[in-house]
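Student: Here's a sequence, model it:
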Amino acid sequence: MRTAAAIETFLEMMSAERGAAQNTLESYRRDLEDAAGFASAAGVQLTMAEPATIRAYLDDIAGRGYAATSQARRLSALRQFFRFLYTENIRTDDPTGTLDAPRKDRSLPKILSEADVEKLLGRAELETLDTTAPAGDHLRALRLHALLEILYATGLRVSELVGLPVTVARSDHRFLMVRGKGSKDRMVPLSGKARAAMTTYLAVRDALPNLAGNPWLFPAISETGFLARQVFARELKGLAARAGLVTSAISPHVLRHAFASHLLQNGADLRAVQQLLGHSDISTTQIYTHVMEERLHRLVTEHHPLAD
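Tutor: Next up, the predicted model:
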């Protein structure tokens, strides 16, 4: 089978059988097509590549300055591709089987203190109270406040947040049903403050005739029909600056980290946090346990009979 056809067949399988998201499929396509280009320049089809060719490709992207995480991601895509070829009897071996993943340091997630989150949310709420703001600015302030309250209350991935259907705001349930990676559904609780901010925003949104019947909670003129992640990130940094926070330390993903870390700091169970975040493997969630060190130290200091 030619490489281009094999890649298409692999992507179809990932979509149909494993429910891979569109962003994931596009990432696989880019990685595999890049590897295919390297193999072609070496005079071989990627589908027929030997371990030496794959190893040379990994050396090549390392030489191009790709981080260890990016190298590991590309090797992971190649592993899945060749396992698929083996399963389909297109190949009789897996050339990635003897290759080691690039070593990478696992960095701790950036988080905000609870005080900084309070400052950020407080500033967002304050800006919704400006009655002198033009209608468009007022709507954006209400939208940003709702986005932040929902994000910090639920720990959603930014793609899950901006793509929420409007139906989630039209019920009075205390939980959201979210479709995450791999089309897996999970239930996350919604705080009273988050629901109040969402309801206030929705009342103004629904008053706009051009949004009648729009299926998205945060609609926008975009390819998807809802607010782009980049727009949300830009508005968040602007809010952080107005709140007197360091903008380089603020992003939607940092707020997701804050959600998880603050739960653990206040005694939440690691398995519960894993479920709320939508992590399929608890080892992904365990990176947040560094925040528990201070809490455990305080518990020992306060309650151990021999503590100073």
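
Student: from here on, contacts and neighbour counts on C-alpha atoms
Tutor: Fine.

Student: Which residue ranges of the stretch 101-250 of the chain form helices?
Tutor: For the stretch 101-250 of the chain, the helices defined by DSSP state H, counting those that start in this stretch cover 114-128, 135-154, 158-162, 192-206, 229-242.

Student: what's the most buried one of the ones you listed?
Tutor: helix 135-154 (a mean of 21; mean count of other CA atoms under 10 Å).

Student: who wins for proximity to residue 35 among the helices of the stretch 101-250 of the chain?
Tutor: Proximity to residue 35 (CA to CA) singles out helix 158-162 among the helices of the stretch 101-250 of the chain, at 27.5 Å.

Student: Rebuild the helices of the stretch 101-250 of the chain as TSV, extending it with mean pLDDT and distance to residue 170.
Tutor: Below are the helices of the stretch 101-250 of the chain laid out as TSV (pLDDT from 0 to 100; distance: least, CA to CA, whole Å):
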stretch	mean pLDDT	distance to residue 170
helix 114-128	95	21
helix 135-154	95	14
helix 158-162	92	16
helix 192-206	93	8
helix 229-242	95	22
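
Student: domain parsing for this protein?
Tutor: 3-87, 114-298 (automatic domain parsing).

Student: can those domains go into a markdown table with extra columns for distance to residue 100?
Tutor: Below are the domains of the chain laid out as a markdown table (distance: least, CA to CA, whole Å):
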| stretch | distance to residue 100 |
| --- | --- |
| domain 3-87 | 9 |
| domain 114-298 | 20 |
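
Student: Which of those domains comes out lowest on mean pLDDT?
Tutor: Here the lowest mean pLDDT among the domains of the chain goes to domain 114-298, at a mean of 86.

Student: Chain neighbours aside, what residue packs nearest to residue 221?
Tutor: Closest residue to residue 221 apart from its sequence neighbours, by CA to CA, 6 or more residues apart in numbering: residue 227 at 7.7 Å.

Student: which ones are touching that neighbour?
Tutor: Remark: with contacts taken as CA atoms under 8 Å, 6 or more residues apart in numbering, residue 227 is in contact with 162, 163, 218, 219, 220, 221.

Student: The same query, at a cut-off of 7 Å, please.
Tutor: 162, 218, 219, 220 (CA atoms under 7 Å, 6 or more residues apart in numbering).

Student: tally of neighbours for the second one?
Tutor: Okay, so that is residue 218. 23 (other CA atoms under 10 Å).

Student: do the same with the last one
Tutor: When counting by other CA under 10 Å, one arrives at 15 neighbours for residue 220.

Student: my guess is it meets residue 231, correct?
Tutor: No. Between residue 220 and residue 231 there is no contact under CA atoms under 7 Å: 10.0 Å.

Student: one step back: which one, of the helices of the stretch 101-250 of the chain, ends up nearest to residue 96?
Tutor: helix 158-162 (31.5 Å).

Student: if we look at the closest one, which residues are touching it?
Tutor: 180, 218, 226, 227, 229, 252, 253.

Student: again, only using 6 Å
Tutor: residue 227 (CA atoms under 6 Å, 6 or more residues apart in numbering).

Student: Distance from it to the middle of the chain?
Tutor: 8 Å (CA atoms, centre = their mean, to the nearest Å).

Student: and if you look at stretch 224-242?
Tutor: 15 Å.

Student: Equivalent analysis for stretch 11-30, please.
Tutor: 16 Å.

Student: Endpoint to endpoint, that stretch covers what distance?
Tutor: 11 Å (CA to CA, to the nearest Å).

Student: ok, and what's touching that stretch?
Tutor: Contacts for stretch 11-30 (CA under 6 Å, 6+ apart): 182, 183.

Student: buried stuff in that stretch?
Tutor: 11, 14, 15, 19, 20, 24, 25, 28, 29 (16 or more other CA atoms under 10 Å).

Student: Keep only those of those residues that are in helices.
Tutor: Assigned to helices by DSSP state H, the following of these qualify: 11, 14, 15, 24, 25, 28, 29.

Student: Identify the farthest-apart pair in the residues you listed.
Tutor: 15 and 29, at 12.2 Å, using CA to CA across these.

Student: Isn't residue 258 up against residue 113?
Tutor: No. Assessed by CA atoms under 6 Å, residue 258 is found out of contact with residue 113, at 7.4 Å.

Student: Just want to know which of those two has more residues nearby.
Tutor: Between residue 258 and residue 113, counted using other CA under 10 Å, the more crowded position is residue 258 (23 against 11).

Student: re the thing from before, so which of the domains of the chain is nearest residue 98?
Tutor: Using CA to CA, the nearest of these to residue 98 is domain 3-87, at 7.7 Å.

Student: Quick one: distance of the closest one to the chain centre.
Tutor: Taking mean C-alpha positions (CA atoms, centre = their mean), domain 3-87 and its chain are 22 Å apart.
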